[in-house]
Structures are given as structure tokens and as C-alpha cells.
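[1] Sharing a sequence plus its predicted fold:
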Amino acid sequence: MNSEAEVSWLEIRQFVDEILFQSTQKYLNDVEIAVFKGCWEGKKYEDIAIALNLSSKYIQNDLGAKLWHKLTEALGYQVSKSNFRQSLLREREKRKSVLRTISVNQLESPHYPVPLDSHFYIERYGNESLGRTLESLCYEVIKQPAAIIRIKAPRQMGKTSLLDRILAQAHNYNYQIVRLNFQDVDKIKFESLNTFLYWFCVYVNRELNFAECIDDFWRESTIGSKISCKSFFQGYLFKQIDTPLVLACDELDVLFGYPEIAQGFLGLLRSCIEEANNRDIWKQLRLVLVYCTENYGLLDINHSPFNVGQSIELTEFTPAQVEELVRRHQLNLVDDLVSQLMAIAGGHPYLIRLLLYHLAQSNSHNSADLQKILRDAPTDAGIYSQHLRRHLGILRENKKLASVFIQIINQPEVVKLDPLIGYQLYSMGLIKWQGNRAIPRCELYSQYFREHLSQYVYE
């Protein structure tokens, strides 16, 4: 069994998140987390109370007592300050042993969002000092009246998997849910703001399975399409439901290519959220916006949702998270496996999962197999060939984009990025920011595109 020294605070915090949510459908709040962290570090109640500026009696008899009661209910046996460490470590090891029984047939393709019940989903941490996951933060925010959650990250970094979990949680709260992927919208719907907003109302109404009566509210020629849209929500939709409505907008970047539509629609969303200050009916609305970048083109963000609400930015996996994924794939090839994965793929979630999937699928448990995969990775014979060729095709269709990227690969310290070029490369996931400097996201991209782009750019 793992010793206490081998289990980090963040690992034990994530484990407690999992077992408490299974038991109560709730996570610890920030004060409870601080008390738990203090106890985990071996501090006395008096010291924890001083740090939190609370009374020692309140920490011990109220917060502490409730904390141990929750853990007792979750584990099914008595837990206290004196035995909680051993109890949690023992339970964690027991559940790990169950996880080890996963067969090769239960592996999940990394090409799709991670299923809700997956053992391979890795939660992200926002506030590492408290160990609060971004997931638990989003679950709390979505309960707030007129809430906005903005999820930003390059492609294949886990945005959709996180969105799936937020909406599943909203479903557990018995909220109404409408999910819209802007990649699925026909281009003809972007001909004008009136056309788009009318279609938007039709879509939301049908997703909620209500009778169609949009024309009773639509007065584009007299009051305008934006007010018609708000009137439809306020005068009809919200009156049909008695629970909050979560509107999830995925691939929102599509709108940035239509400045008039983007400004009108996003300005409308901001106006609807602000309306909650004056009319309680608008407090039912919750927004989850998912996009790749903060390069909004001509959009005035002061009249949009992009400078309000809860911002969530998904970053790369840390070495500890990669190590956890290795464990969940039941791989134990070499001591420096994690460092080798990080060296070639960085912490890119998709690249890491794809490599581990291939290792686990082939049941490879020797260093030679791993070295061959790593050696072939930046070539057209490797496991990433389809992924790399897709990016190569996009770059070759835009010589300026390709030229800037090869400069970043060869001389990142001297490249001054045009904002639009930076947006495109970041959205594709090819670069990341190191201060004000753009650098290749990982060594895999540097090696592959240095070979496949240099001749094309300079010919």
C-alpha cells in the first residue's frame, strides 16, 4: 500500500472529491477544504483556526465534526481526526486494486470525448493551494442565478469532456438543458442577424419540445430581432419551465467569422444576463460558452459575455496527472516513463492519451516497445501520423501561417506574432505562450513540422 509520503495532497484531495460526490452529490466548500488540508498536514485545530481567523471551538466542534461525519458516511465506517489518514489511504488503495482489473476491451478511444463514467478522466485543478478541481468549481457556479461559465482551450485539450460533465451535473439538478454546437449550424443561417436569431429561437424551442409559437413574438420590422428574441424567452419559454435553463454554446469561435452576428448575438447574451438584475425571471438562465481563443476580431467585449462570469482555461496535464493516467492504463514500463512522455508530447491530453492507449492496447510492457513508439512518433509511420497530417494539410493551405510556425520552431525568441496568426496557431493547439513569446506546444510538433514544412516554406 502507498505510504503517506508517496501520496500528494492533490491526489488525496481528488480522491476525497470523488468519494464525497458519490455519497452526497456535493463537494467540500473552500473553508472545509482548508480545514481538511490543515489536518492532512498534521496541524492542530488551534493552528488551523488562527490561519483562518476563526475560533478553535468552531473549527473542532462544527467544521471538523461535520467533515469526519461526511467521510464516515462516504466510507461506511467511523472516521475521525486520529484515523482519517490511514482510512483514506487504505480505501484509495482498495479502489485502485479494483481499477487494475480493467481489461484491454474496456479501453476507450482517445479520439472522442471521455465518457462520463470513464476511469480515464483526469480532473483539473484551478486553485492548487486548496486543491479545488475546476469541475467542482463549475458545478457550484452553474447553480448561481444568471451564471456564466467560459471554457477556453485549444482543440483536443478536453473542453467537450468538461462540458459533458457540467451538463450532466445540471441534469442532476433537474435543470433544463439546450446544447448548441455552432459547427453544426448551416452557413445560410448566418446571412443576417434576424435570420440567425429567429433560427436560434426555433432551435431552443424544439430542443425543449415546446409548441411552436415564435411568430407570435417576432416583430423584427418594429422592435427588432434582438428584442423579439428576448420577448420570446421572457414571454413564453421561461413561463413553460419551473427550473433553470442551461444554454451551452460549443465551438463558439465559428461566430467570430461573422462579425455582425457575433456582436449582435453575444451582446444579446450579455444583455439577457444583466436583465437578471431587474427581472427575476432572467435568473433562470445559465450560460456555458466553449471556445478556443480570446481573439475576438472586431467584437466589442464590453458588450459581450467575455469579460464577466467564471473563466475556465484548460491547461496541459502536469507530470503528476500523466503519472496517474499511466497507472490507470495499468502500465509500469520504466521508471522514467512519465518524463519520456512529457518530453515528446508535453502535457497535451490527447497526445498523452493516444500514446497510452496504444501501449495498453498492445499490452506492451517492455522498454523496447515504448522506445519504438517514441522513435516513430514524429514520422508518418508513427501513431500520430493522422493527427500530424491533418495539421500539415491546414498549414500547407496557408503559406503565411506555415512560414510563421516554422520560424517559431526554429527561432521562437525573435518571432513577433500577428494577432490573427497567433489565434490560428493557438486554436490548432500548435503553440503555447511562454510569457509574451510563442513556442511550439511540444517536441513532437517541432520535430515533425521542421522536417515537413521547411522545404515547403522556403522553396
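    Great, that's in hand.

[2] Now for Gln60: which residues touch it?
    Each residue near Gln60 by C-beta atoms under 8 Å, 6 or more residues apart in numbering is listed here: Tyr45. C-betas here are computed from N, CA, C, even on glycine.

[3] State the three-state secondary structure for it.
    helix (DSSP: H, G, I helix; E, B strand; the rest coil).

[4] Give me the local confidence score for it.
    With respect to pLDDT, Gln60 scores 90.

[5] Quick check: it vs Ala51, distance?
    For Gln60, the distance to Ala51 equals 14 Å [C-beta to C-beta, to the nearest Å].

[6] for Gly382, same thing?
    Gly382 is 50 Å from Ala51, by C-beta to C-beta.

[7] more crowded one of these two?
    Set Gly382 next to Ala51 and count neighbours by other C-beta atoms under 10 Å: Gly382 wins out with 20 against 14.

[8] Alpha carbons only: can I get stretch 221-229 in PDB?
    Provided in PDB are the C-alpha atoms of stretch 221-229 (Å, rounded to 0.1, in the frame of the first residue of the first chain):
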ATOM      1  CA  SER A 221     -39.600  45.300 -38.500                       C
ATOM      2  CA  THR A 222     -41.000  47.200 -35.500                       C
ATOM      3  CA  ILE A 223     -39.000  46.200 -32.400                       C
ATOM      4  CA  GLY A 224     -36.000  44.400 -33.900                       C
ATOM      5  CA  SER A 225     -34.800  40.900 -33.800                       C
ATOM      6  CA  LYS A 226     -32.900  41.100 -30.500                       C
ATOM      7  CA  ILE A 227     -35.900  42.400 -28.600                       C
ATOM      8  CA  SER A 228     -38.100  39.800 -30.300                       C
ATOM      9  CA  CYS A 229     -35.700  37.100 -29.200                       C
END
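
[9] List the buried residues of that stretch.
    The neighbour-count check on stretch 221-229 (16 or more other C-beta atoms under 10 Å) flags Ser225, Lys226, Ser228, Cys229 as buried.

[10] Make CSV from those and add distance to Ala377, secondary structure and pLDDT to it.
    Listed next are the buried residues of stretch 221-229 as CSV, based on distance: C-beta to C-beta, whole Å; DSSP: H, G, I helix; E, B strand; the rest coil; pLDDT from 0 to 100:
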residue, distance to Ala377, secondary structure, pLDDT
Ser225, 50, helix, 94
Lys226, 50, helix, 94
Ser228, 54, helix, 95
Cys229, 49, helix, 96
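
[11] Turn these into TSV, columns for distance to Ile394.
    TSV is the format used below for these (distance: C-beta to C-beta, whole Å):
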residue	distance to Ile394
Ser225	34
Lys226	35
Ser228	39
Cys229	35
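
[12] Which of these sits closest to Thr72?
    Cys229 (50.7 Å; C-beta to C-beta).

[13] Excluding sequence neighbours, find me the nearest residue to the closest one.
    Distances taken as C-beta to C-beta, 6 or more residues apart in numbering put Leu197 closest to Cys229, at 4.7 Å, once the chain neighbours are dropped.

[14] Same question for Arg179.
    Closest residue in space to Arg179, ignoring its immediate chain neighbours: Ala248 at 4.5 Å, by C-beta to C-beta, 6+ apart.

[15] with the buried residues of stretch 221-229 in mind, which one is nearest to Lys94?
    Using C-beta to C-beta, the buried residues of stretch 221-229 come closest to Lys94 at Cys229, 53.3 Å.

[16] quick one: contacts for the closest one?
    Cys229 touches Leu197, Phe200, Cys201, Leu268, counting by C-beta under 8 Å, 6+ apart.

[17] Top of those residues by number of neighbours, please.
    For the contacts of Cys229, neighbours tallied by other C-beta under 10 Å; top is Leu197, 24 neighbours.

[18] And the pLDDT for that one?
    96.

[19] so how far is the helix or strand hosting it off the chain centroid?
    In this assignment (DSSP states H and E), Leu197 forms part of helix 193-207. Centroid displacement of helix 193-207 relative to its chain, using C-alpha atoms, centre = their mean, to the nearest Å, is 27 Å.

[20] List the buried residues in that helix.
    For helix 193-207, by 16+ other C-beta under 10 Å, it's Leu193, Asn194, Phe196, Leu197, Tyr198, Trp199, Phe200, Cys201, Val204, Asn205.

[21] cool, stretch 374-388 as well?
    Of all the residues in stretch 374-388, those buried under the rule 16+ other C-beta under 10 Å are Leu374, Ala377, Pro378, Gly382, Ile383, Tyr384, Ser385, His387, Leu388.

[22] returning to that earlier point: is the residue nearest to Arg179 bridged to anything, and to what?
    Arg179, Val288 (DSSP bridges).

[23] What score does it have for pLDDT?
    97.

[24] circling back: just the buried residues of stretch 221-229 now: which is nearest Val414?
    The closest of the buried residues of stretch 221-229, once distances to Val414 are taken by C-beta to C-beta, is Lys226, at 46.0 Å.

[25] so who does the nearest residue in space to Arg124 that is not next to it in sequence touch?
    Excluding the flanking residues, the one nearest Arg124 by C-beta to C-beta, 6+ apart is Leu134, at 4.4 Å. By C-beta under 8 Å, 6+ apart, the contact set of Leu134 is Glu123, Arg124, Tyr125, Gly126, Leu162, Ile312, Leu314.

[26] what number of residues lie near the third one?
    Pointing back at Tyr125 there. Per other C-beta under 10 Å, the neighbour tally for Tyr125 reads 21.

[27] Grab the nearest non-local neighbour of it.
    Nearest to Tyr125 is Thr133, by C-beta to C-beta, 6+ apart, at 5.8 Å.
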